Structures are given as C-alpha cells and as structure tokens.
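A.B. asks: Fold the stuff below for me.
(one chain, ligands or ions: 1)
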Amino acid sequence: MTDWTPNMDLLRRYDDAEWLKVERTYCGRMMAYVSRRISDRDAREDIVQETFLGAVRGIDLYDAAYTFEQFLFGICKNRTIDHMRRTKMPTLGGTGLEGDDRPTIEDLARDDETPSRIVRQKDLEEAGVRMLQDLFRTWVEETWKQEEFVRLMVVEALFAGNWRNRDTWQRFDLRDETSVAGIKFRALKRLRELALERDTQRKIAPLLTAAVDSGDGLAIDVSDTWREGRVSCPARHWVARLVAGTLAPGPTAFLRFHLDEMRCDWCRANHDDLVELEKSADLEPLLSKVGASTLQYLRSRTLPKT
Ligand SMILES: [Zn+2]
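C.D. replies: Numbering: from 1, shown residues only. Below you'll find the model as predicted:
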C-alpha cells in the first residue's frame, strides 16, 4: 500500500477525476477522525462532505510546506469544531480540539506594544514554528533510520507529551533519570547543530534553541509545534503494516506508543480507517454523496462563460 498523493496542478485546475480520486483516497480516514468525536451519523457525513468542498474552494490557499493530507485534516478539524460549537458540545480535554483557545491579537496587545511590533513578533514566531518543525522532522528521520526507536519515544514523550523525566525512565525501562536527561541533551545538541546549518543568518536559531531549552526566547509551544507539525507521524503504509501485523518490533513499539499513549489524532484516524478497510466497511453511499457535491461545485467553476 503506497501513500498516494494528488497532482496539485490537476487539483488547481479543478480536474474532476483527480478530485474524485482525492475523495476515494481520504474519505475513510476523515470519517474515522470525525467518528471519534461526533456521534450523530448524519452530522459526520455532512462534516466530511463540507471538508472536501472546503478543500476544493480553498485549494489556492494550499501551502506546500504541509502535506495534502495535513491540509485536509486541518479543514476537517475546523469543521468538526464548528459543528461542536453550533451544537454546544463541550470541547474540553481529550478531544484534541482544545488548541484553538490561543490568545487573540487583542489579548497580545499591551499598552507598550504597537501593532507593528506585535506583527513583527508574530511573523518571527511563525517562522520559528516552521523552522522548528523542519528541524524536528529531520531529527525524527535520522533517528528512525538509525532504528533508535526508544530514543524517538523518549524525545516524543518529553517534547510532545511534556512527560517528566521520572515517569519517562520508568516507562522505557531506562537505568535512571540521568539516562533520560542524557537522551534529551543529545537531541538538543543535534537540533542546535541542524538549526545553525539552516539558519546561516542566525536570525532565528538562537531564539529557537532558547525556546526549546528553557522556554525563553520566542513564545513557541514546543508540544503544539511537534503535534501540529506531525513531525513524527509515520506514513500511512507503516500504519497499514501495523494493522496487518507485519511490522518489525522496533517500529511497532513506536507506533503503538504514538497511537495509544501520545494519542495522535491523525494517526488514529488512519489506523481506524485501515482497520475498517480490513473489514471492508462500505463507504460507497457517502462517497457518491460527497462526489456529487464536489462535482456540482467544480461544474460551477469550470462552466464556459457565456
Ligand atoms: Zn501521528
């Protein structure tokens, strides 16, 4: 099973066939994501339908820094939150949806800060988040290639899960707390090296490493950055092999940790979808409904102007 990705040029040109292929490919995992949060079946289908429609409408806003699946999941998450708000469902802990209570621009504004200063700081922070995600991703790739899955789990537990050293060494059967501190120290050292390689002008790297190290520097939430960037999320074929039971012990341990303990929303959605596929769940009725609404929109965009 490969991770098919759509041809973005075709999507931007509102190509029917490519858009329908998108729906066929991603419908199951979107449904699985929504199903963990919304109990009403009709509402779920509406959300999935609105997600694909939102993707068609917003395709010009797609940012190549993210994968297409991340783009879709982002829309799906917003539609889910909208629905929960409309129906006054609590959006409290455990839903994975609490991330949107960030301070607004009004909250950030203080007497001594002019709007342009705030914007500059915000730009810097956005650039910092991008760069940090990039560094994390590189570090995860390196660690995965070295098959250092315990190291990967420890760093994910510390950075994404905000685990304490004490809990971490016990969970992973390490010698003691200093083993955890050692792993963290070496990871930070490597991240710093990578930061200096990429940020040759030294504009962001020093602020960034301060943010990760001690929480100073930029106001960047390391855990959010790790999770939102999906820096350690395995490609779908790894999850497929986990479901099929053909994955080696190292990556299996990591995937189980990532799914069950880090409770990654997106990977759990992929996992649920693949489990359903094994049971060959019937998505055809939903797919034809979703397809019809997308085609209608595509027609409205591509009809010759008279
Ligand atoms: Zn994940």
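A.B. asks: Would you mind listing where the stretch 201-306 of the chain has pLDDT under the threshold?
C.D. replies: 201-204, 206-218, 280-281, 302-306 (pLDDT under 70).
A.B. asks: Kindly recompute the last result at 50.
C.D. replies: Under the criterion pLDDT under 50, no range of the stretch 201-306 of the chain is flagged.
A.B. asks: Okay, buried residues for the lengthiest helix in the chain please.
C.D. replies: Secondary structure of the chain per DSSP state H: the longest helix is helix 115-145. Residues of helix 115-145 classed as buried: 124-125, 127-129, 131-140, 143-144 (neighbour count, 16 or more other Cβ atoms under 10 Å). From N, CA and C alone the C-beta is placed, and that goes for glycine too.
A.B. asks: hmm, it touching the ion?
C.D. replies: No: applying Cβ under 5 Å from the ion, one finds helix 115-145 separated from the ion by no less than 11.0 Å.
A.B. asks: What is that helix packed up against?
C.D. replies: Helices and strands touching helix 115-145, by 3 or more Cβ pairs under 8 Å, 6 or more residues apart in numbering; DSSP states H and E, are helix 105-108, helix 149-159, helix 177-198, helix 205-214, helix 222-228.
A.B. asks: Average pLDDT for the shortest one, rounded please.
C.D. replies: In other words, helix 105-108. On average, the pLDDT along helix 105-108 is 42.
A.B. asks: Renumber starting at 676 from here on
C.D. replies: OK, 676 is where the count begins now, so the last one is helix 780-783.
A.B. asks: Let me know the distance separating residue 953 from the ion.
C.D. replies: 20 Å (Cβ to the ion, to the nearest Å).
A.B. asks: these two touch, right, that residue and residue 920?
C.D. replies: No: Residue 953 lies out of contact with residue 920 (Cβ atoms under 8 Å); the separation is 10.5 Å.
A.B. asks: higher neighbour count, these two?
C.D. replies: residue 953 (11 against 7; other Cβ atoms under 10 Å).
A.B. asks: Contacts only, for the more buried one.
C.D. replies: Neighbouring residues of residue 953 by Cβ atoms under 8 Å, 6 or more residues apart in numbering: 918-919.
A.B. asks: So it versus residue 918, what's the distance?
C.D. replies: 6 Å (Cβ to Cβ, to the nearest Å).
A.B. asks: With residue 805 instead?
C.D. replies: For residue 805, the distance to residue 918 - Cβ to Cβ - is 32 Å.
A.B. asks: what do you get for residue 936?
C.D. replies: 18 Å.
A.B. asks: Contact residues of this structure facing the ion?
C.D. replies: 908, 939, 942.
A.B. asks: Inside helices: which ones of the residues you listed?
C.D. replies: Those of the residues of the chain next to the ion lying in helices (DSSP H): residue 942.
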